[in-house]
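Asker: Provided below are the primary sequence and the corresponding predicted coordinates.
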Amino acid sequence: MDSKVNVTYITLSGYVDLNKFRYFYFSVIFTVYILIICSNATILYLIWVHKNLHEPMYVFIAGLLFNCLLYSTNIYPKLLVDFLSEEPKVSYSACLLQFFMFYSVEAQSSLLAAMAFNRYVAICKPLRYKCIMKRSTVSALLILAWCFPACHLAVLAILSAKAKLCNFNLDGIICNNKMYTVHCVRSRALTVFGVVALFDFAILPTLFTVFTYAKIFVTSYRSCKESRKTAVQTCVPHLFVLTSYFCVMTYDVIVARVEADFSRTAGFVMTIQTFLYHPLINPFMYGFKMKEINKHLKTLLCSAKA
């Protein structure tokens, strides 16, 4: 392989027994991808068509599920192609694009922070809710939640595009933080800005969310039993998703960023888990646990059976 091709393409070598299990991998991932598309699109459709779901809480849920669709479409089609390829490869420019989409869309902590703020206003300041959570406020929070991580990731992608490559073998199956291992030298600017980005769109929103829910539960505990029940019903799904997201981000930082020494099989399994659960868990949590969405979902399923 000539040097020009070497500079252009990167081999993805994180797969385990690809020749032996390629069709099994393809079947499982294809099935999961179809489930993700159908489940997330169904809840998005329900929120779109029913006016009583055009409330801030459901708008934020729709934003979260839309993120799941983008996130999955950024990963799963390429995986399906790689499973059927003799030698999974990706151009460096396409790798940078996947890296940018992977983290800018996967940064759910900003949306979860916006959802936490909405719950805080609804439970702790109910009389001012309509005044605070106006349509313009909701739109501003959504734009901020999407654009803030994207701006950080754009800088990281540009810095990575200028880096010199010395290794054309990526020990992974997607272009996540392990992409830095193909650089000859990880620049100080890239490292510093990466830490800043991690703090800004992951750690800071997560701390804000945890603090906000702590305030919500303290306020609910001091209120009547009905208020506590409402708080639990609306906040527990968010906290479950936040916990799951935090675990995924922790793995990504420890294994990819710190380059922890895991076996290839363990790395393969754990990498799949980083993009397997969220897109499946989110529609389940918000489709079955949220009362109003669940009601419309049952109506839709009954009409489909009829």
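Answerer: That came through, no problem.
Asker: Any buried residues in the helix with the most length in the chain, and which?
Answerer: Longest helix in the chain, counting residues (DSSP state H): helix 18-49. By neighbour count on 16 or more other CB atoms under 10 Å, the buried set for helix 18-49 is 18, 22, 25-26, 29, 32-33, 36-37, 39-40, 42-44, 46-47. Bear in mind the C-beta positions are built from the backbone N, C-alpha and C, glycine included.
Asker: What mean pLDDT does it get?
Answerer: Averaging pLDDT along helix 18-49 yields 92.
Asker: and that helix, what does it pack onto?
Answerer: Helix 18-49 makes packing contacts with helix 56-83, helix 278-288, helix 291-305 when contacts are defined by 3 or more CB pairs under 8 Å, 6 or more residues apart in numbering; DSSP states H and E.
Asker: I'd like a version of those helices in JSON lines, one that adds distance to residue 130 and mean pLDDT as further columns.
Answerer: Formatted as JSON lines, the helices and strands packed on helix 18-49 follow (distance: least, CB to CB, whole Å; pLDDT from 0 to 100):
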{"stretch": "helix 56-83", "distance to residue 130": "10", "mean pLDDT": "91"}
{"stretch": "helix 278-288", "distance to residue 130": "23", "mean pLDDT": "80"}
{"stretch": "helix 291-305", "distance to residue 130": "18", "mean pLDDT": "80"}
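Asker: Would you map the helices across the stretch 151-300 of the chain?
Answerer: Ranges of helices in the stretch 151-300 of the chain, per DSSP state H, counting those that start in this stretch, are 188-198, 204-221, 225-251, 264-276, 278-288, 291-305.
Asker: mind listing what's buried in the last one?
Answerer: Judged by neighbour count using 16+ other CB under 10 Å, the buried positions of helix 291-305 are 293, 296, 297.
Asker: now the second one, nearest residue through space, not along the chain?
Answerer: Here the nearest residue to residue 296 in space, its sequence neighbours aside, is residue 46; by CB to CB, 6 or more residues apart in numbering that works out to 4.7 Å.
Asker: if we can go back for a sec, got the helices and strands packed on helix 18-49 as CSV, with distance to residue 196 columns?
Answerer: CSV is the format used below for the helices and strands packed on helix 18-49 (distance: least, CB to CB, whole Å):
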stretch, distance to residue 196
helix 56-83, 22
helix 278-288, 24
helix 291-305, 37
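Asker: wait, what's in contact with residue 35?
Answerer: For residue 35, the contact set (CB atoms under 8 Å, 6 or more residues apart in numbering) comprises residue 280.
Asker: thought residue 65 was touching residue 43?
Answerer: Yes. Using CB atoms under 8 Å, residue 65 is in contact with residue 43, at 5.6 Å.
Asker: Common neighbours of these two, please.
Answerer: Listed as contacting both residue 65 and residue 43 by CB under 8 Å, 6+ apart are 283, 286.
Asker: Do I have it right that the residue nearest to residue 296 meets residue 301?
Answerer: No. Taking CB under 8 Å as the definition, residue 46 is not a contact partner of residue 301, at 10.9 Å.
Asker: what residue ranges in the stretch 51-200 of the chain are flagged as low confidence?
Answerer: Scanning the stretch 51-200 of the chain for pLDDT under 70 picks out 106-107.
Asker: Could you pull out the strands in the stretch 51-200 of the chain for me?
Answerer: 89-91, 169-170 (DSSP state E, counting those that start in this stretch).
Asker: Can you list the strands that the last one pairs with?
Answerer: Partners of strand 169-170 in the sheet, by DSSP bridges, are strand 9-12 (parallel).
Asker: model confidence over the partner strand, on average?
Answerer: Rounded to a whole number, the mean pLDDT of strand 9-12 is 89.
Asker: same deal with stretch 236-244?
Answerer: Here stretch 236-244 scores 75 as its mean pLDDT.
Asker: Buried residues in that stretch, which are they?
Answerer: So stretch 236-244, judged by 16+ other CB under 10 Å, has buried residues 237, 238, 239, 241, 242, 244.
Asker: between these, which is closest to residue 59?
Answerer: residue 238 (14.3 Å; CB to CB).
Asker: Identify the residues contacting the closest one.
Answerer: Residue 238 makes contacts with 112, 115, 116, 119, 209, 213, as judged by CB under 8 Å, 6+ apart.
Asker: The residue nearest to residue 96 when sequence neighbours are not counted and residue 267, how far apart?
Answerer: Once flanking residues are discounted, residue 96 sits nearest to residue 157: 5.1 Å by CB to CB, 6+ apart. Shown here: residue 157 relative to residue 267, a distance of 23 Å by CB to CB, to the nearest Å.
Asker: What's opposite residue 11 in the beta bridge?
Answerer: residue 89, residue 169.
Asker: That one contacts residue 169, doesn't it?
Answerer: Yes. Assessed by CB under 8 Å, residue 11 is found in contact with residue 169 at 5.1 Å.
Asker: With neighbour numbers in mind, choose between the two.
Answerer: Comparing residue 11 with residue 169 by neighbour count (other CB atoms under 10 Å), the higher total belongs to residue 11, at 16 against 11.
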